[in-house]
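Novice: Starting from these lines, generate the structure:
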Amino acid sequence: MQNYNNIPEDFFRELTGVLIYDNNKISYIDQLNNKFPNPEDATHKFKILPGSANRSIPTKLINRNIIYSPDISFPFVDLSVKNRDHLYEDFNIFDQFAVVLVSNTEMMMLGNDRFPLSISVTDNVKDDGSGNDSFSLNISGDTILPPSVYKIIPTFKVLFFIPPIV
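Specialist: Next up, the predicted model:
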């Protein structure tokens, strides 16, 4: 019998960053064995505004197989012409990516070379003077592997948070 402790944690878990990799950088076997990629191999690194990300990883059953369907979105608020051009060039690409979500306490790996994820760009520019303009990056896809979770070690925090992010 398995006993579960249902006591809340004594801290708030919050998504603080996203590392995006080409799907060929994370093999199916590495993800299965919880072998996380080097943060320096990420093609894109995003710092997330506090409380701005939406994250959901529902499961569904297809042909008696459990499928995980991550649905993650976060705003990108630096809307210079250069950045907008880069977002459109680098993303709106389907089945090409693997990602590592970074929270204040752990990392979560999603996608690999056999089950890559898609990233699309949504234009949320309102042109109404409200100051709430942004582009949203939307990460989605299906995979048969459950998300791999890893407790963050101090070395990773240094690698991820000290160098320039974008």
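
Novice: all strands of the protein, in order?
Specialist: Ranges of strands in the chain, per DSSP state E, are 15-22, 44-47, 54-56, 59-62, 65-68, 71-76, 93-103, 106-110, 117-123, 135-140, 148-151.

Novice: Between those, which one is closest to residue 3.
Specialist: Proximity to residue 3 (C-beta to C-beta) singles out strand 148-151 among those, at 20.5 Å. Placement of C-beta: from N, CA and C, glycine included.

Novice: for the closest one, packing partners?
Specialist: strand 106-110 (3 or more C-beta pairs under 8 Å, 6 or more residues apart in numbering; DSSP states H and E).

Novice: what sits against residue 53?
Specialist: 15, 72-74 (C-beta atoms under 8 Å, 6 or more residues apart in numbering).

Novice: Serialize those residues to a markdown table and add fields for distance to residue 89 and neighbour count.
Specialist: Shown next, in a markdown table, are those (distance: C-beta to C-beta, whole Å; neighbours: other C-beta atoms under 10 Å):
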| residue | distance to residue 89 | neighbour count |
| --- | --- | --- |
| 15 | 25 | 20 |
| 72 | 21 | 21 |
| 73 | 19 | 16 |
| 74 | 19 | 22 |
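
Novice: ok, so of those residues, who is nearest residue 62?
Specialist: Nearest to residue 62 among the contacts of residue 53: residue 72, at 20.4 Å, using C-beta to C-beta.
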